[in-house]
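Chemist: All I have is the shape, not the residue letters:
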């Protein structure tokens with residue numbers, strides 16, 4: 001009788017432990033080969049350094065780059081930005097929150113609803129007009145909304161969400 005009771009409890013327990021081990025494997029990202037330029041923490045399911053997901057430039061580019069051509073309040077004329085769709089980045093780290101606090105190198109921070117990333121096709125730009133952006137000129141990463149595609153984006157709410165010199169995302 002004891003053996004039957006033990007099997008009844010141990011079988012499901014081992015099954016759950018096996019699923020948890022499989023989930024932990026599936027939730028790991030490859031570590032960056034170069035110096036990380038972006039760290040994502042908070043409510044994420046995939047990590048590669050402690051409880052964070054760190055990305056170097058090649059890792060971000062490997063997620064697939066998209067182009068947004070738009071005017072901005074900070075540049076003259078139409079500017080061509082190339083970067084990673086942030087909704088794709090959120091899927092990569094298995095983000096489970098509702099908002100993202102974006103923190104710049106100088107500690108400026110802005111909160112963005114995660115739904116913005118899909119709704120407006122927001123990118124994390126690495127390039128402007130075909131060139132990587134240096135830190136002294138809003139780089140290495142810049143959140144870009146396609147301002148010209150939707151008139152509602154041309155206001156202070158979305159401009160304050162357009163953080164440049166991005167260093168960290170904290171999923172909340």
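Modeler: Thanks, I have the structure now. Keep in mind that what you see is a predicted model, and the values were worked out from it rather than measured.
Chemist: going forward, measure contacts between C-alpha atoms and count neighbours the same way
Modeler: Fine.
Chemist: which residues of the chain fall in helices?
Modeler: In order along the chain, the chain carries the following helices (DSSP state H): 2-26, 57-62, 86-92, 114-119, 156-161.
Chemist: which of these has the lowest average pLDDT?
Modeler: Mean pLDDT values for those show the minimum at helix 2-26, a mean of 45.
Chemist: Contacts only, for residue 83.
Modeler: 61, 64, 65, 66, 67, 123, 124, 125, 126, 127 (CA atoms under 8 Å, 6 or more residues apart in numbering).
Chemist: Just the buried ones among those residues, please.
Modeler: Of the members of these, the ones counted as buried by neighbours, 16 or more other CA atoms under 10 Å, are 65, 66, 67, 123, 124, 125, 126, 127.
Chemist: Return the helix or strand in the chain with minimum mean pLDDT.
Modeler: helix 2-26 (a mean of 45; mean pLDDT, DSSP states H and E).
Chemist: how much space between the residue lying closest to residue 33 once chain neighbours are set aside and residue 138?
Modeler: The spatially closest residue to residue 33, leaving aside those adjacent along the chain, is residue 56, at 7.1 Å (CA to CA, 6 or more residues apart in numbering). As defined by CA to CA, to the nearest Å, residue 56 lies at a distance of 17 Å from residue 138.
Chemist: Report the two of the contacts of residue 83 separated the most.
Modeler: Looking at these by CA to CA, the two members farthest from one another are 64 and 127, with 13.2 Å of separation.
Chemist: In CSV: the buried ones among the contacts of residue 83, plus distance to residue 145 and pLDDT.
Modeler: Compiled in CSV, the buried ones among the contacts of residue 83 are given as follows (distance: CA to CA, whole Å; pLDDT from 0 to 100):
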residue, distance to residue 145, pLDDT
65, 15, 98
66, 12, 98
67, 11, 98
123, 7, 98
124, 9, 98
125, 10, 98
126, 14, 98
127, 14, 98
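Chemist: roughly how far is stretch 148-167 from the heart of the chain?
Modeler: Stretch 148-167 has its average C-alpha position 16 Å from the chain's average C-alpha position, going by CA atoms, centre = their mean, to the nearest Å.
Chemist: contact partners of it?
Modeler: Where contact means CA under 8 Å, 6+ apart, the residues beyond stretch 148-167 that reach it are 37-39, 70-71, 102-106, 108-112, 135, 138-147.
Chemist: Ok, stretch 99-112 next?
Modeler: Under CA under 8 Å, 6+ apart, the answer for stretch 99-112 is 113-114, 160-161, 163-172.
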